[in-house]
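> Need a 3D model of the following:
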Amino acid sequence: MKQHSLSLWLGGVLFAVSVSAAYAAEFSLQQTLTAAEHYSAELSANRNQSNALSAMADSARELPDPKLQFGIENVPVQGSNNHRFTREGMTMQRIGIMQEYVSGEKRDRKVETILAQSASSAAKAEVIRATLQRATAQTWLDLALSQKVLATAQKLVAETERQVNVQKATVASGSSPASSVVDIRMTLLGMQDKVTLAQRDVALAQTRLLQLTGENIDATSGGLPRYQRLPADPAVLEQNVGQHPEVVEAAREADVAKARSAQSAVAAKPNVGVEVFYAHRADDYDDMAGVMFTVDLPLFKTNRQDKDLAADMSRSMEANDQLALANRERVALVRTLVAQYQAAQTLWLRQQDEILPLQRQRLSLIEAQYRSGQSSLSELLNARRTLLDAELSAHSAEKTVAETWAAIRYLTPQEENPS
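Reported below is the predicted structural model:
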């Protein structure tokens, strides 16, 4: 019986471990980016829009559906044949087919407009992808570096916690005042606040990744991208502004406006309708047949079609202005991001290469002095607090560098592994 219970208990433990492992996931940056694209409802909506426009372009090439026309004509409403269908020679039961013919040029212009809209939708997809990749990469890096911050804070807290027991022993032996234990606990509480804030940052990054990817990403895997340097030379980044999806989208919108202007230019071309009918009359009268034509008469073109054309041409010029504005904005954005990156990189390197080594050296000296009785406990605790603050400042500067690097790297969508 005991052996059976032990087997059940072990089975439950193994099941719990397997479930925990299933829900705890580690993703590389590339895996996270791929998951975000698969999960994006905005990208899915854009694909459906593109599919709809493609279908519309196919149907726009066709003539309108023919129309079946039937009914009764010339039914008397007065006289001795009032409401009779078979006594008046002009009364006819009529059936016919009518087809409207739209010129091939008008249909081609409509197709070109829809295809331009489809190209604009495809350009919008690249804008969505770039924005999504940028947000995902920044959040992934935030999680990786926040976990680094948490580990650093926990390490210093653990070292200080060990000092509490040592300090209690010195108080008990009478070699230190009782207030020293209070001082070290106050310092420890301040350090634990830093740990709590670091845990919050980790949880926020995990939550944001869940929102972006639909995956419970608890930790990052794989190496970090080389955010210690710019993805490309600043001059090259500026030259490639024309490839930014926002600029390409503005260019496609200008193409749509141009296509609509071309469509409006041929709007006055009349459509022609052709109707073939057969009319059956009473037995004493002959049946009839006929052909009828209908033609649009754009008699007031200056008040209708010309006004629409002028409006579309103004929209085309507006779209060209928006394209020029998009180019200027992206150039300014690139220069701004590069300046922000270079400043953040300088601050981070100073923290990492100069300030932190000095703070560690200072702490080592004060610890040695404290052991030899040449330094007080308050000086030692202050040195540890200062080192923790310097560590956190360095990590914060590193986060800023990584975040700005991702903003530059994903100005355009990336297909290959980041480097």
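
> ok, now how distant is residue 101 from residue 262?
20 Å (Cβ to Cβ, to the nearest Å). No exception for glycine: its C-beta is placed from N, CA and C like everyone else's.

> More neighbours: the two, which one.
More crowded of residue 101 and residue 262, by other Cβ atoms under 10 Å: residue 262, with 18 against 12.

> where's residue 325, which helix or strand?
helix 305-350 (DSSP states H and E).

> next SSE after that helix?
helix 356-371.

> Run through the neighbouring helices and strands of that next one.
helix 377-409 (3 or more Cβ pairs under 8 Å, 6 or more residues apart in numbering; DSSP states H and E).

> Report the mean confidence score over the helix it packs on.
On average, the pLDDT along helix 377-409 is 86.

> hmm, back to that, ok now the helix holding residue 325, how far from the chain's centre?
18 Å (Cα atoms, centre = their mean, to the nearest Å).

> how much does that helix deviate in direction from helix 356-371?
30 degrees (axes from the mean of the first three to the mean of the last three Cα atoms, to 10 degrees).

> what's helix 305-350 packed up against?
helix 234-239, helix 245-265, helix 377-409.

> tell me the angle that helix makes with helix 377-409.
Going by the same axes, to 10 degrees, helix 305-350 makes 150 degrees with helix 377-409.

> sorry, back to before: please identify the deepest-packed of the helices and strands packed on helix 305-350.
Among the helices and strands packed on helix 305-350, ranked by average contacts under mean count of other Cβ atoms under 10 Å, first place goes to helix 245-265 (a mean of 21).

> Not counting its neighbours along the chain, what's nearest residue 144?
residue 220 (4.2 Å; Cβ to Cβ, 6 or more residues apart in numbering).

> quick revisit: average pLDDT for the helix holding residue 325, rounded please.
Mean predicted lDDT for helix 305-350 stands at 92.

> ok, back up a step: who's in contact with the residue nearest to residue 144?
Shown in contact with residue 220 (Cβ atoms under 8 Å, 6 or more residues apart in numbering): 26-29, 140, 143-144, 147.

> By neighbours, which of these wins?
residue 140 (30 neighbours).

> how near is it to residue 61?
46 Å.

> for residue 37, same thing?
33 Å.

> For those two, indicate the residue with more neighbours.
residue 37 (18 against 12).

> Quick check: the more buried one touching residue 47?
No - Residue 37 is beyond contact range of residue 47, at 11.2 Å (criterion: Cβ atoms under 8 Å).

> element containing the residue nearest to the spatial centre of the chain, please.
For the chain, the residue sitting closest to the mean C-alpha position, by Cα atoms, centre = their mean, is residue 132 at 3.4 Å. Secondary structure assigned from DSSP H and E places residue 132 in helix 104-173.

> So which elements touch the following helix or strand past that helix?
Scanning forward in sequence from helix 104-173 by DSSP H and E, the next helix or strand is helix 179-213. Applying 3+ Cβ pairs under 8 Å, 6+ apart, we find helix 179-213 packed against helix 29-39, helix 104-173, strand 217-220, helix 377-409.

> I'd like these laid out as a markdown table, including distance to residue 267.
A markdown table is the format used below for those (distance: least, Cβ to Cβ, whole Å):
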| stretch | distance to residue 267 |
| --- | --- |
| helix 29-39 | 41 |
| helix 104-173 | 7 |
| strand 217-220 | 54 |
| helix 377-409 | 45 |
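
> wait, which of those is closest to residue 295?
helix 104-173 (14.2 Å; Cβ to Cβ).

> That closest one vs helix 356-371, what angle?
Using the same axes, to 10 degrees: helix 104-173 against helix 356-371 is 10 degrees.

> what's helix 104-173 packed up against?
helix 29-39, helix 41-60, helix 179-213, strand 217-220, helix 245-265, helix 377-409.

> what comes up buried for the shortest one?
For strand 217-220, the buried set under the neighbour-count rule, 16 or more other Cβ atoms under 10 Å, comprises 217, 220.

> Keeping just the C-alphas, turn it into PDB.
C-alpha atoms of strand 217-220 as PDB (Å, rounded to 0.1, in the frame of the first residue of the first chain):
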ATOM      1  CA  ILE A 217       8.300  33.600 -22.300                       C
ATOM      2  CA  ASP A 218       9.900  33.500 -18.900                       C
ATOM      3  CA  ALA A 219      13.500  33.900 -20.000                       C
ATOM      4  CA  THR A 220      15.700  34.500 -23.000                       C
END
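
> partners of it, with directions?
strand 25-27 (parallel) (DSSP bridges).

> Point out where the stretch 1-150 of the chain drops to low pLDDT.
Residue ranges of the stretch 1-150 of the chain with pLDDT under 70: 1-24, 80, 83, 85, 87.
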